[in-house]
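Colleague: here's my sequence, what's the structure:
(chains A and B)
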Amino acid sequence: MTSFPRPALDLRNLRTEFRIGGRWYPAVRNVSVSLMPNETLAVVGESGSGKSVTALSILRLLPHAGARIQGGEVLFEGQDLVTLSERDMSTIRGNSIAMIFQEPMTSLNPTMTVGDQIAEAILIHRGGSRMEAKAKALRLLDEVKIPSPKSRLDEYPHQFSGGMRQRVMIAMALACHPRVLLADEPTTALDVTIQAQVLSQLEELKQAYGMSMLFITHNLGVVAQIADRVAVMYAGEIVELATVDALFAKPMHPYTAALLRAMPRADRANESLEPIPGSVPALSAVPTGCAYAPRCPFKDRSCTELHPELVSSGDPGHLVRCPVRPVGGVH
Amino acid sequence: MISFACKRLLLAIPTLFVMLTAIFVLVRLVPGDAASVILGDQATEASLRAMRARLGLDQPIQVQYLHFLRDVLTGNLGRSLSSGRTVVQEVLLVLPSTIQLTLAAITIGIVLGLPLGILAALGRNSWIDYVSRLVSLVGLSFPAFVSGILLLIIFAIHLGWFPVLTSDSTDPLERLRSLALPALNLGLILMAYVVRVTRSSMLGVLGEDYIRTARAKGVTPMRLVMRHALRNGLIPVVTVVGLYFGTLIGNSVLTEIIFNRPGLGKLIFGALNSRDYTLLEGLMIIFAICVIVVNTLTDITYGLIDPRVKYK
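Modeller: Model prediction:
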């Protein structure tokens, strides 16, 4: 028997629900995916497809009221995070699993110095003196390439630009050498040149720290640059899972193909961009059959009746949730 | 920080001038002049003229204004018409008991209001939230004279825990006992405001992105509230406490009368009753200065709480 390496993080049938008007609706529907050691797994999809909710569910950071993890497991180092106590969970957050967020402008505490915010994570999980933690924070600022880190350590977030703040967020997340980094659209709010810098930095640090990274984005250009494998999400479920090369070369799901056609590319005229008609269904109005069927040009009668399963497409490691179009891919 | 504080203090100076000018104009607009008030109905024309000359009222208005400003800035606020003491003396006489009452009331308001407001925000829609809403509703809707009388009836007359009237005993314990009810009366009103504002401000802050960031860092709930949320939620609370100072003047008049307690409130009420114009004018100036000082302190506190304030 060949021994596969154990995944760094293993989601099994994760189901997260939100309460809307007194009823519970699933925002993440039975998501199963493994994040392998040192792997970067990108999760892509439109707004409202459940990407962020998946990441927030892993660390159990959803609001207490109105959201619940209804089922499934999040396996990390032999423990199921879903069943951990809040106290045990807080020893994992920021320690062995860290997260960075989309909005660097609002994600840092405006009344604490940047140095204190980074040092806090170290003090919580590693203990030691404040001086040591601040010294470590200084090294981290240097590591994420913030110019003249010594003088910036005692500054407040509003004295930093957006890109610099995101670097501070990264430094904060790396403070305790996490095994897994959840990055929730970390570059979306930044302008393009800064985006590229932050991305390559994340890639470098991932290598240096030996982390696995779950990278959430709606930008396929970013996916091509950073990811090893890609999970495409639609209406709370994974509709296609493949290596980045396979996904770009041979998308199997009509939704993936549509996303690729909607992506601006340097080697094509912009007039050929095709927006996807319609929009992601509301949580409370997900169709019973294939969730993508109402927007799908290839749908047939069975699509609106039968809910398709995520199955092998025939190519190894390439899974797709579409019985109609997988053969040969959709272009 | 120091330059920020200095800037705020400098800004207070024009405000002070506007206030002083308003008081000057207001006093001159009141029908009848001070001389006839002082001398009464039976005064002769000659004695009125003499009194006007003594008070400087025969001077042109702009000269009077300059004299008024000079007097105020040198701390000369005139003499009380009824007691003959200077206004400053009158104020200094009752100032200690006013300061005691104010500090006690503000302490009660903050010490009770802040934790209750925080707990209400944390346990939104739980029983403690309902208790806090009830408490603040009651505190906000009872006028100070009603709550004062109720406190007297319950705690002084029925239970006998506290004296009905303020004793002038020098025993500190006895003084504290007589301070309790008036301080509670003013403090509970402040508490009602503080609970309300703390609750809503904390609810807002707890939904902020940086609170989620702190949770993602592994910050425990207690530390999350005390270190991350509270400081960011404090500015509206400071605003309310600062603003309450103005209300405190009005409410302390009522409270000091009900509990028969010496203080600035009772002094101004007495001055009003005896038409002691100079004392009234002097007290208005002192109150105005107090409000300006408190506002300036509030502004400076904003800067201490939130580093962004200093740079705006």
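
Colleague: and A:E240, what are its phi and psi?
Modeller: With angles defined as degrees, to the nearest 10, A:E240 sits at phi -160, psi 140.

Colleague: could you tell me how many residues sit around it?
Modeller: Neighbour count of A:E240, defined by other CB atoms under 10 Å in any protein chain shown: 28. Where C-beta positions appear, they are placed from N, C-alpha and C, glycine not excepted.

Colleague: ok, the one 5 residues further on next?
Modeller: Each residue near A:D245 was counted by other CB under 10 Å, and the total is 12.

Colleague: what pLDDT does it get?
Modeller: The per-residue pLDDT reported for A:D245 equals 93.

Colleague: element containing it, please.
Modeller: A:D245 is part of helix A:244-249, with elements assigned from DSSP states H and E.

Colleague: going by neighbour count, which residues in stretch B:88-105 are buried?
Modeller: B:V88, B:E90, B:V91, B:V94, B:L95, B:S97, B:T98, B:Q100, B:L101, B:T102, B:A104, B:A105 (16 or more other CB atoms under 10 Å in any protein chain shown).

Colleague: tell me the secondary structure for B:G187?
Modeller: helix (DSSP: H, G, I helix; E, B strand; the rest coil).

Colleague: and it, what does it touch?
Modeller: B:G187 makes contact with B:A104, B:A105, B:I106, B:T107, B:I108, B:G109, B:L112, according to CB atoms under 8 Å, 6 or more residues apart in numbering or on different chains.

Colleague: A:L259 too?
Modeller: A:V44, A:L220, A:V232, A:I276.

Colleague: get me the contact residues on the stretch 201-312 of chain B for chain A.
Modeller: Residues of the stretch 201-312 of chain B lying close to chain A by CB under 8 Å from any CB of the partner chain are B:207-210, B:212-221, B:227-228, B:231-232, B:305-308, B:311.

Colleague: give me that answer again for 6 Å
Modeller: B:209-210, B:212-213, B:215-218, B:220, B:228, B:231-232, B:306-308 (CB under 6 Å from any CB of the partner chain).

Colleague: columns pLDDT, distance to A:A258 and secondary structure on top of the buried residues of stretch B:88-105, output as a markdown table?
Modeller: A markdown table is the format used below for those (pLDDT from 0 to 100; distance: CB to CB, whole Å; DSSP: H, G, I helix; E, B strand; the rest coil):
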| residue | pLDDT | distance to A:A258 | secondary structure |
| --- | --- | --- | --- |
| B:V88 | 88 | 82 | helix |
| B:E90 | 87 | 83 | helix |
| B:V91 | 88 | 79 | helix |
| B:V94 | 88 | 80 | helix |
| B:L95 | 87 | 77 | helix |
| B:S97 | 86 | 78 | helix |
| B:T98 | 87 | 74 | helix |
| B:Q100 | 87 | 74 | helix |
| B:L101 | 89 | 72 | helix |
| B:T102 | 89 | 68 | helix |
| B:A104 | 91 | 69 | helix |
| B:A105 | 92 | 66 | helix |
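
Colleague: take these and lay them out in JSON lines including distance to chain A.
Modeller: JSON lines is the format used below for the buried residues of stretch B:88-105 (distance: CB to the nearest CB, whole Å):
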{"residue": "B:V88", "distance to chain A": "41"}
{"residue": "B:E90", "distance to chain A": "44"}
{"residue": "B:V91", "distance to chain A": "39"}
{"residue": "B:V94", "distance to chain A": "39"}
{"residue": "B:L95", "distance to chain A": "36"}
{"residue": "B:S97", "distance to chain A": "37"}
{"residue": "B:T98", "distance to chain A": "34"}
{"residue": "B:Q100", "distance to chain A": "33"}
{"residue": "B:L101", "distance to chain A": "33"}
{"residue": "B:T102", "distance to chain A": "28"}
{"residue": "B:A104", "distance to chain A": "29"}
{"residue": "B:A105", "distance to chain A": "28"}
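
Colleague: from these, pick the one nearest B:A121.
Modeller: Comparing the buried residues of stretch B:88-105 against B:A121 with CB to CB picks out B:A105 as the nearest, at 23.7 Å.

Colleague: buried residues of the helix or strand B:R196 falls within, list them for me.
Modeller: Secondary structure from DSSP H and E places B:R196 in helix B:172-206. Residues B:175, B:177-199, B:201-203, B:205-206 are the ones in helix B:172-206 that count as buried (16+ other CB under 10 Å).

Colleague: helix or strand right after that helix?
Modeller: helix B:209-216.

Colleague: report pLDDT for B:E256.
Modeller: 87.

Colleague: would you agree it is in contact with B:G263?
Modeller: Yes - using CB atoms under 6 Å, B:E256 is in contact with B:G263, at 4.5 Å.

Colleague: show residues contacting stretch A:240-258.
Modeller: If you take CB atoms under 6 Å, 6 or more residues apart in numbering or on different chains as the criterion, stretch A:240-258 is touched by A:227, A:229-232, A:234, A:239, A:260, A:276, A:292, A:296, A:298, A:313, A:318-320, A:322, A:325-326, A:329-330.

Colleague: shouldn't B:T296 be in contact with B:A12?
Modeller: Yes - look at B:T296 against B:A12 with CB under 6 Å: they come within range, at 4.6 Å.
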